[in-house]
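> fold the following, please.
(chains A and B)
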2 protein chains.
Amino acid sequence: MSYVERKSVLVIGGGSVGTIAALNLQSGGSTDVTLVLRSNYNAVKENGFHIDSCDHGTIEGWRPSIVRNTVPNIIEENIKPYDYIVLSTKNIPDIPPTVVDLVQPALPSTNTHTTLVLIQNGLNIEKPFLESHPKTIVLSGVSLIGSAEPSPGKIVQDDRDRLMIGPFANPNLSTSSAADDAAREFVELYGKAGKTDCKFSPNVLHDRWRKLVYNACLNPICAITGLDTGRIRLADGAVDGLVRPAMREIVEAARKSAGVELGDDVVDFMLEIDELWLYLSPSMLADVRKGSFLEFENLLGEPLKEGKKAGVAMPTLEVLYQIAKAVQWRTKEQRGLVQIPPKRKTEK
Amino acid sequence: MSYVERKSVLVIGGGSVGTIAALNLQSGGSTDVTLVLRSNYNAVKENGFHIDSCDHGTIEGWRPSIVRNTVPNIIEENIKPYDYIVLSTKNIPDIPPTVVDLVQPALPSTNTHTTLVLIQNGLNIEKPFLESHPKTIVLSGVSLIGSAEPSPGKIVQDDRDRLMIGPFANPNLSTSSAADDAAREFVELYGKAGKTDCKFSPNVLHDRWRKLVYNACLNPICAITGLDTGRIRLADGAVDGLVRPAMREIVEAARKSAGVELGDDVVDFMLEIDELWLYLSPSMLADVRKGSFLEFENLLGEPLKEGKKAGVAMPTLEVLYQIAKAVQWRTKEQRGLVQIPPKRKTEK
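Residues are numbered from 1 along each chain as shown, chains lettered A, B, ... in the order given. I've put the predicted structure just below:
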C-alpha cells in the first residue's frame, strides 16, 4: 500500500463505542487514527486500553496512532484536515457544550474535505450540522454493539459490533453521490481488519427508526425501572404492559412520520436482541447508575416529537419522556447546574 | 372519669403514622393503647420513642400502655376483645402476609364487638375485610400527616396530623348508625388530647379519592423520578408534563367511577399541600430509597382499575402503574422472593 492511500481519521470520544471504532479503523492498516479522550485520558495515556472483546479477543495496552485529551484545532496546530471525523461521544443537546461546538476546532464551517461520521444514537442528530457545516458530508453510523467501559480505559465488548453506515440527506449538496462514495469508503476502512460486520446502508432513516425500537423504549424503560434487559423480560407484566406498547408507538411513528416500514417482527426482534441471561444494562440504565446525563432528547424526545407531529398517539412514550426529563433535571441539580431555594424547617 | 368509660385500643403498626395515632389516643387519657411494633420493637422497648412533632413538641422516651412485637391472639392469651383495632401498617396486598392474616389473631371472623379502623391509604382496602369479617364495623382513616421515621423509634412529624374518620359502606350490616356512632366515638378519643385535627367524615369515598390525587400521582411520580415534592415542582416541565395530567385522570376517575366531585381546585391544592421548601419525600419515594416494597396496588392499581372500568382514559396512570409494578418486582428479586435464571457469559 502506498503512502497516498492512507487516510487520517479523528475519533472524538473513546468510550466503549468509539474505542472499538478506533480499533477497527487502526487495525485495518490503512488509517492513522487520532483518538480524543476525556475521562479516561490519563489511564489510557499511561497504560493504554485494556480491551476484552468478543470480536477482537483480549488486547492489553492498546493505543491508536495518537491519543489526545483535546479536540485538535487544525488551524492553530497546522494539521491537515482529517479525511474523516468520527463523533462517538454521547450526544446530549440539553447539556452544553453541543456536539457542534465540540467538533468545531477540527472542522471549520466552510469544510468540504472532511467527512463527518456520527456514530451516535437517536433522531435528527444531523440537523445542527446541516446548519453549522452546510457543505460537509455527514454520515450516519448506527451501531448495534454491546460494549461497556466498567473502569477508565477498560473496554468490555460482549456483543458483536454491527455497524450500518449511510449518508444523511443533505439538501445543501447538489448530488448525493459523493456522500455515497464517502460512506462506502468508510465501510471499507472500518471492515478492513475483518473483525466486524460494517455495512453500507442507503436508508439511514430506516436504520435509525429501527434502532429506536430499542433505544426509545427498552433503554429508558430499563433506566427508569432499574431493571436490565434480562430482568425486564422476567418482571411481571413489564413486557406487555410497558415495552411492547412503547415499541408499537415507535413502529407507528416511523410509518406515519417517515414512511419507514419496520415490519411486524421488529418488536420481538428488539425485545430479544440482548440474550436474557446476559442481563445487559442498556446505556441509559448504566448512565442512571453512574449519575450521568441521559441521551433522552435524541432517543426519546425527537421520535416523540416527530410521531406526534404526524398524528400518532404516543401515550407511553410521552410519559417515559417526561420521567426521563425529570431524571435529567435531578442529575443537573446534583451537579449544581440548577440552583434551588434552600430547605427550611416548617413554620408553626 | 370512671373505669368503665376507658376504651382499649390495639394499634398495629408503630411507624410514623401509627405512633402518632397511638400518642393521640393515649394522651387523651380515655384509652389504654397496646402498640404492636416490628422493625423498631427493640429500639422502643429499650428507649421508648423519640418524637419530634409539630403537633406534640419533643417527647423523649415515650411508650403507650403496652408495647409488643406480635399481634395478640386474644383467645389464646385470654384478652378481652379490644374496643378498637387501628391498623396503621403499610398495606401491600401483593406481598404476604395480607392485612387480614395480620389482624386475624386479634379479630375473630365472627367479631361484632371490635371496631376496625384502617388508617391506610388507597382504594378498596376494606373489601378483603368485608369478606373475612362480614359483621365487623370497618372505619376509614384518611390521614394527611407529614411524618417519617428516619431511624428506628425516632418519629419526626413535620406536617400537621389531619385525620378524617368515617365508616366504610358495609352491605352486611343492616344499618349504618352503629358504624357512624363508632366513628364519632373514635374521633372523640383521638381528638381528646387536643393536639390534632381529627374529624368525622361521612363521605369516605370522597376522602379517599381526594387523597389519591396526591397518592396515586405525586407519590409514585416522586418515587419513580427520585425527586421530592419540592424538587418535582422545580424540575423543568414535570408538573405540567406529568403531575397535572395524572391528577386530572384521578379527578375524572373519581367522578365517573364513584360519583365523587373533587372540584377544580383539588389539583392545585394537592400540588401545593407540601410546602416546596420543605422538600418532603412522599412515602413511596422514601420506600424506594430504603429498598422497601411500594403500596402501589392500593394507591395506583385500584383507582386505575376503577377508572378504566368506568371508561376513563388514564394513559399517565397506566404507565406509572406499570413502572411501579416493575420496581416492585425489582425489590422482590433483590429480596429473593423471585428466582431468575443464572447469568451466563456470551457464547460465540
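
> pLDDT weak spots in chain A?
Counting by pLDDT under 70, chain A contains low-confidence ranges at A:1-4, A:346-348.

> run the last query once more with 90
Applying pLDDT under 90 to chain A flags residues A:1-5, A:144-148, A:150, A:158-160, A:172-176, A:264, A:274-275, A:278, A:280, A:344-348.

> from it, which residue is nearest to chain B?
Of all residues in chain A, A:P315 sits closest to chain B, at 3.4 Å by Cβ to the nearest Cβ. Placement of C-beta: from N, CA and C, glycine included.

> could you measure from that residue over to A:E249?
Counting by Cβ to Cβ, to the nearest Å, the gap from A:P315 to A:E249 is 8 Å.

> ramachandran angles for A:G61?
A:G61 has phi and psi values of phi 70, psi 30 when expressed as degrees, to the nearest 10.

> and the gap between it and B:A106?
To B:A106, A:G61 is 69 Å away according to Cβ to Cβ.

> which of those two has more neighbours?
B:A106 (24 against 12; other Cβ atoms under 10 Å in any protein chain shown).

> which stretches in the stretch 201-348 of chain A count as strands?
Read by DSSP state E, counting those that start in this stretch, the stretch 201-348 of chain A holds no strands at all.

> how is chain A divided into domains?
A:3-202, A:205-334 (automatic domain parsing).

> the first one near chain B anywhere?
Yes. Applying Cβ under 8 Å from any Cβ of the partner chain, one finds domain A:3-202 in contact with chain B at A:54, A:158-159.

> gap between that domain and the chain center?
10 Å (Cα atoms, centre = their mean, to the nearest Å).

> could you do the shortest one as well?
The chain centroid and the centroid of domain A:205-334 are separated by 14 Å, computed with Cα atoms, centre = their mean.

> what's the residue closest to the geometric middle of chain A?
In chain A, the residue lying closest to the centroid (Cα atoms, centre = their mean) is A:Q120, at 2.3 Å.

> my guess is A:I273 meets A:L144, correct?
Yes. The criterion here is Cβ atoms under 8 Å, and A:I273 meets it with A:L144 at 7.3 Å.

> for the residue nearest to A:L276 when sequence neighbours are not counted, the count of nearby residues, please.
With sequence-adjacent residues excluded and distances taken as Cβ to Cβ, 6 or more residues apart in numbering or on different chains, A:L276 is closest to A:G230, at 4.4 Å. A:G230 sits with 20 neighbouring residues when counted by other Cβ under 10 Å.

> try A:K309
As a burial measure, A:K309 scores 11 neighbours (other Cβ under 10 Å).

> and if you look at the one 5 residues further on?
Using other Cβ under 10 Å, A:M314 is surrounded by 25 other residues.

> phi and psi next, for the spatially closest residue to A:I85 that is not a sequence neighbour.
Ranked by Cβ to Cβ, 6+ apart and with sequence neighbours excluded, the top spatial neighbour of A:I85 is A:L10, at 4.7 Å. The phi/psi pair for A:L10 (degrees, to the nearest 10) reads phi -100, psi 120.

> what is the burial count for A:L10?
28.

> kindly report the same for A:L285.
If you count neighbours by other Cβ under 10 Å, A:L285 ends up with 24.

> got it, and the one 4 residues further on?
Neighbour count for A:R289, taken as other Cβ under 10 Å: 11.

> now do it against A:G226, distance only.
Distance from A:R289 to A:G226, by Cβ to Cβ: 8 Å.

> which residues touch A:E318?
A:304, A:308, B:315 (Cβ atoms under 8 Å, 6 or more residues apart in numbering or on different chains).

> and what of A:V288?
Contacts of A:V288 by Cβ under 8 Å, 6+ apart are A:223-224, A:226, A:294, A:327.

> so which of these belong to helices?
A:223-224, A:327 (DSSP state H).

> closest to B:Y321 out of these?
A:I224 (13.2 Å; Cβ to Cβ).

> which SS state does A:A193 fall under?
Using DSSP: H, G, I helix; E, B strand; the rest coil, the structure places A:A193 in coil.

> how much space between it and A:P64?
13 Å.

> list residues touching both of the two?
A:L23.

> neighbour count: the two, which is higher?
Taking other Cβ under 10 Å, A:A193 and A:P64 do not tie; A:P64 has more neighbours (22 against 18).

> I figured that one hits A:L35, correct?
Yes. The pair A:P64 / A:L35 is scored as a contact, 4.6 Å apart, by Cβ under 8 Å.

> pull up the overlap in contacts between these two.
In contact with both A:P64 and A:L35: A:11, A:22, using Cβ under 8 Å, 6+ apart.

> quick one: the residue nearest to the centre of chain A and A:F129, what's the gap?
Distance from A:Q120 to A:F129, by Cβ to Cβ: 11 Å.

> next, A:L35: secondary structure please.
Assigned by three-state DSSP, the conformation of A:L35 is strand.

> give me every residue that touches the residue lying closest to A:K195 once chain neighbours are set aside.
In space, and not counting its chain neighbours, A:K195 is closest to A:D55: 4.6 Å by Cβ to Cβ, 6+ apart. By Cβ under 8 Å, 6+ apart, A:D55 lies in contact with A:20, A:157, A:160-161, A:195-196.

> at 10 Å instead, please
Counting by Cβ atoms under 10 Å, 6 or more residues apart in numbering or on different chains, A:D55 makes contact with A:20, A:23-24, A:145, A:147, A:157, A:159-161, A:193-197, B:348.

> can you give me the helices for the stretch 51-200 of chain A?
A:99-103, A:127-132, A:177-191 (DSSP state H, counting those that start in this stretch).

> with mean neighbour count added, can I get these in JSON lines?
Shown next, in JSON lines, are the helices of the stretch 51-200 of chain A (neighbours: other Cβ atoms under 10 Å in any protein chain shown):
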{"stretch": "helix A:99-103", "mean neighbour count": "18"}
{"stretch": "helix A:127-132", "mean neighbour count": "15"}
{"stretch": "helix A:177-191", "mean neighbour count": "19"}
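
> now those in CSV, with distance to B:Y279?
Output for the helices of the stretch 51-200 of chain A, formatted as CSV (distance: least, Cβ to Cβ, whole Å):
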stretch, distance to B:Y279
helix A:99-103, 34
helix A:127-132, 36
helix A:177-191, 50
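
> any idea which of those gets closest to A:H113?
helix A:177-191 (10.6 Å).

> now A:F49: phi and psi?
Dihedral angles (degrees, to the nearest 10) for A:F49: phi -80, psi 140.

> grab the nearest non-local neighbour of it.
Counting by Cβ to Cβ, 6+ apart, the residue nearest A:F49 is A:W62, at 4.6 Å.

> so the one you found makes contact with A:H56?
Yes. Using Cβ atoms under 10 Å, A:W62 is in contact with A:H56, at 9.0 Å.

> what sits in contact with each of those two?
A:23, A:27, A:155.

> which ones are touching the last one?
Residues in contact with A:I155, defined by Cβ under 10 Å, 6+ apart, are A:14-20, A:23, A:40, A:49-53, A:56, A:59, A:62, A:147-149.

> and the buried ones among the residues you listed, selectable in ChimeraX?
Only the buried members of the contacts of A:I155 enter the following ChimeraX selection, criterion being 16 or more other Cβ atoms under 10 Å in any protein chain shown:
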select /A:14,15,16,17,18,19,20,23,40,49,50,51,52,53,56,62,147,148,149
